[in-house]
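pasting a predicted model and its sequence here:
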There are 2 protein chains.
Amino acid sequence: MKNIFPSTKSSPLFAGIGNDDFDNMLDCLGARLCAYAKDETIYFAGDTVAEIGLAVSGRLHLVKDDIWGNTSLVAEVTPPELFAEAVVCGNLGKIPVSVIAKEESEVLFIDYKRVVTSCSSACVFHSKLIRNMISILALKNIMMAAKMEHITKRTTKEKLLSYLAEQARQKGGKAFDIPFNRQELADYLSVERSALSAEMSKLKAGGVMDYRKNHFEMLIETSERTD
Amino acid sequence: MKNIFPSTKSSPLFAGIGNDDFDNMLDCLGARLCAYAKDETIYFAGDTVAEIGLAVSGRLHLVKDDIWGNTSLVAEVTPPELFAEAVVCGNLGKIPVSVIAKEESEVLFIDYKRVVTSCSSACVFHSKLIRNMISILALKNIMMAAKMEHITKRTTKEKLLSYLAEQARQKGGKAFDIPFNRQELADYLSVERSALSAEMSKLKAGGVMDYRKNHFEMLIETSERTD
DNA sequence: ACCGTTTCGTTTGTAATCCAACCGATTTGT
DNA sequence: ACAAATCGGTTGGATTACAAACGAAACGGT
């Protein structure tokens, strides 16, 4: 099998597993490396899946078609990201989205059962893999829960402040940088970029915070804001 | 220890583990049962946590305080639900919410390390517990991803149709029941109940769907809707 | 059958967002 | 240095959601 270590070693799934063990592990797991042409469909929505997918090269799209035939992009998967891991680990069986290669791509398929089942040779990496898998799912949970908390707010201003407050808490101070530009932040909070800019300007004018590009500084402490 | 089997056996965490193994398992895991008075704080946000919490009796609130001192309810936890499981399984260490008993409550704390570490007596339920834990996290992922997809839509109508389309797909037909009343559905989609009712009426009048109480029937197949 | 409660649909005025367009500032490539 | 592209802020009109209130229907208990 082609040496996929360089393009997948940074996956959290393989954290703590060195180059020496790598090939043995893939053998033990019976991992398959598959290649796909541009626009080739890897899974159709509703297909039965039992393997975790790991993007090795290229770029994949997860798309969903509703009952009226409208198709929408759910996510883009680039190396070394996983896909279908929640469906497989949750024993759902059927994948709710279609997976399409948007470029010439390679995917490593890993049988979930062989991850959680100790093999006869008692490989050392099984428990490490399992802990990594749990960690991946748990962190994804936390990230989604955080995002959900922002998005469920009613107004653009509330969504923005919810996000900024969380960033301030995470970064441990009132001054911090965010990893988004305006458009990306608007997409993340699912609001309009223009409305977001407008709210930011108002908050700056109101003395609630200051910012320049991606650097923010929260100014008001404990007091009723002028909403 | 008090027999907590009746109130926790239905937890997915213990799926496939019988009454006979139950007490042995709790011993092996070193599980602690703690009692709390009404309004007692179990965790303060920022506390270091290493144990998964399982609500045994009572009712817990997960609350979040932002940097301005505003406090908001994130979730309510009732038996036999888990809490702090994502933080612990993700090795985050610090819990981002405070946990408060809103009634006299009991909580079973389970050390995560002892779940994923095989014990000296090679208990049979470790691998089962681990698989259950993975399944719980994965299913929560899927549920949150589905909800996110609805909520990120712009208008109430789009959110509603996104939800109904998914229900139709899940139930495998154009006619199905939903597990929410109007207010609950509005909360789930984070929209106004009145706006939701109005949109539903319009969709019924437009021949897109029919409904009575919690029973829905999608009528239009593939065609451009009159948006 | 009666009454209180809950649920659902509807309406109306107010507030907020969306959308499109525009402009200035900054960055990038040549 | 120049042109093109990107990014961020602003504006105005159309659209949509919000909040509150009301009545009708359904439900449950007595």
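Received the coordinates, thanks. Keep in mind the model is a prediction, meaning the values are calculated, not measured. Residues are numbered from 1 along each chain as shown, chains lettered A, B, ... in the order given.

chain A against DNA strand D: which residues are in contact?
Within chain A, the residues that sit near DNA strand D (Cβ under 7 Å from any atom of the strand) are A:154, A:181-183, A:193-194, A:197-198, A:200-201, A:211, A:213-214. Glycine gets a C-beta too; all of them are placed from N, C-alpha and C.

what residue is smack in the middle of chain A?
A:Lys140 (6.6 Å; Cα atoms, centre = their mean).

phi, psi of that one?
Here is the backbone geometry of A:Lys140 (degrees, to the nearest 10): phi -60, psi -40.

contact partners for the closest residue to it other than its chain neighbours?
Spatial nearest neighbour of A:Lys140, excluding adjacent residues (Cβ to Cβ, 6 or more residues apart in numbering or on different chains): B:Asn141 at 5.7 Å. Taking Cβ atoms under 8 Å, 6 or more residues apart in numbering or on different chains, we find B:Asn141 in contact with A:86, A:90, A:137, A:140-141, A:144.

would you mind naming what in chain A lies close to DNA strand C?
A:155-157, A:190-192, A:194-195, A:199.

which one of the residues you listed is nearest DNA strand D?
Checking those against DNA strand D with Cβ to the nearest atom of the strand, the nearest one is A:Ser194 at 3.3 Å.

that's a helix at that closest one, yeah?
Yes - A:Ser194: assigned to a helix according to DSSP: H, G, I helix; E, B strand; the rest coil.

tell me the pLDDT of it.
You'll see A:Ser194 listed with a pLDDT of 94.

number of nearby residues for it?
By other Cβ atoms under 10 Å in any protein chain shown, 11 other residues sit near A:Ser194.

then A:Glu85?
24.

residues touching it, list them.
Contacts of A:Glu85 (Cβ under 8 Å, 6+ apart): A:52-53, A:133, A:136-137, B:138.

per-residue confidence at A:Asn3?
For A:Asn3, pLDDT reads 75.

phi, psi of A:Gln109?
Careful, residue A:109 is Phe; it's not Gln. phi -100, psi 130.

from A:Val63, how far out is it?
Separation of A:Phe109 from A:Val63 (Cβ to Cβ, to the nearest Å): 20 Å.

what of A:Ala50?
21 Å.

more crowded one of the two?
More crowded of A:Ala50 and A:Val63, by other Cβ under 10 Å: A:Val63, with 17 against 13.

give me the below-cutoff pLDDT ranges for chain A.
Chain A contains residues with pLDDT under 70 at A:1-2, A:119-122, A:221-227.

which residues in it form helices?
For chain A, the helices defined by DSSP state H occupy A:5-8, A:19-29, A:85-89, A:112-116, A:125-151, A:156-171, A:182-189, A:193-205.

hey, what's the angle from the last one to helix A:182-189? Just curious.
Which is helix A:193-205. Interaxial angle, helix A:193-205 versus helix A:182-189 (axes from the mean of the first three to the mean of the last three Cα atoms, to 10 degrees): 100 degrees.

buried sites along helix A:193-205?
Buried residues in helix A:193-205, counted by 16 or more other Cβ atoms under 10 Å in any protein chain shown: A:195-196, A:199-200, A:203-204.

pretty sure A:Leu137 contacts B:Leu137?
Yes - A:Leu137 is in contact with B:Leu137 according to Cβ atoms under 8 Å; the separation is 3.9 Å.

need the residues touching each of those two.
A:89, B:89.

how close does the closest residue to DNA strand D within chain A get to chain B?
Relative to DNA strand D, the nearest point of chain A is A:Ser201 (2.8 Å; Cβ to the nearest atom of the strand). Taking Cβ to the nearest Cβ, to the nearest Å as the criterion, A:Ser201 is separated from chain B by 20 Å.

try A:Lys128
From A:Lys128 to chain B the distance is 10 Å (Cβ to the nearest Cβ).
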